[in-house]
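Asks: Fold the stuff below for me.
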Amino acid sequence: MQKKTLGILLSTPPTHKNTTITLGLLRVAGQRGILVSLYLIDDGVHHITTPSIFDFRSPHVRLFVCAYGCMQRQLPTSSDDKEITFCGLVILSNIVRGTDRFLALN
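Replies: Numbering: from 1, shown residues only. Modelled structure (predicted):
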């Protein structure tokens, strides 16, 4: 049986209530064995510079960060961290198309 998949787009900064919602979704997904692709875009890319980025980490979560959004906000577009993938909108398109469910938290 194939595992269920969930795509989440997070475009809001770490101080926004969507951070708490996303963390709750990730926790429940982990409990249910759901694989999650989390894509940070727009002001969501600020999560890579805050401790909240570590809260997103889990074996069932793949973390993608919009490289263009980072460039626009003078944030790094690469990392030694192998768990973060800096990429573009093609990956987001693949996440939307390739997951069982997709949520956009704007």
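Asks: Quick one: residues in contact with the helix or strand containing L92.
Replies: Using DSSP states H and E, L92 falls within helix 89-98. With contact meaning C-beta atoms under 8 Å, 6 or more residues apart in numbering, helix 89-98 is reached by 5, 7, 9, 37, 39, 41, 64, 66, 68, 85, 102. Backbone N, C-alpha and C define where each C-beta goes, glycine included.
Asks: Pull out the buried members of those residues.
Replies: For the contacts of helix 89-98, a burial check counting by 16 or more other C-beta atoms under 10 Å picks out 5, 7, 9, 37, 39, 41, 64, 66, 102.
Asks: now what about the lowest-mean-pLDDT helix or strand in the chain, what contacts it?
Replies: Counting by mean pLDDT, DSSP states H and E, the chain has its least confident helix or strand at helix 52-55, which shows a mean of 84. Under the criterion C-beta under 8 Å, 6+ apart, residues 14, 19, 23, 47, 63, 84 lie in contact with helix 52-55.
Asks: if we can go back for a sec, select, from the contacts of helix 89-98, the two members most distant in space.
Replies: Maximum pairwise distance in the contacts of helix 89-98, criterion C-beta to C-beta, is 24.6 Å, between T5 and Y68.
Asks: Take the buried ones among the contacts of helix 89-98 and write them to a markdown table, including distance to N94 and secondary structure.
Replies: Formatted as a markdown table, these follow (distance: C-beta to C-beta, whole Å; DSSP: H, G, I helix; E, B strand; the rest coil):
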| residue | distance to N94 | secondary structure |
| --- | --- | --- |
| T5 | 12 | strand |
| G7 | 9 | strand |
| L9 | 13 | strand |
| S37 | 9 | strand |
| Y39 | 10 | strand |
| I41 | 14 | coil |
| F64 | 10 | strand |
| C66 | 14 | strand |
| F102 | 11 | strand |
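Asks: ranges for the helices of the protein?
Replies: 17-32, 52-55, 67-72, 89-98 (DSSP state H).
Asks: before we move on, back to that, now which of the contacts of helix 52-55 would you call buried?
Replies: The buried subset of those - by 16+ other C-beta under 10 Å - is 14, 19, 47, 63, 84.
Asks: Just confirm the fourth one contacts E83, I think it does.
Replies: Yes: taking contact to mean C-beta atoms under 8 Å, the distance of 6.0 Å between L63 and E83 places them in contact.
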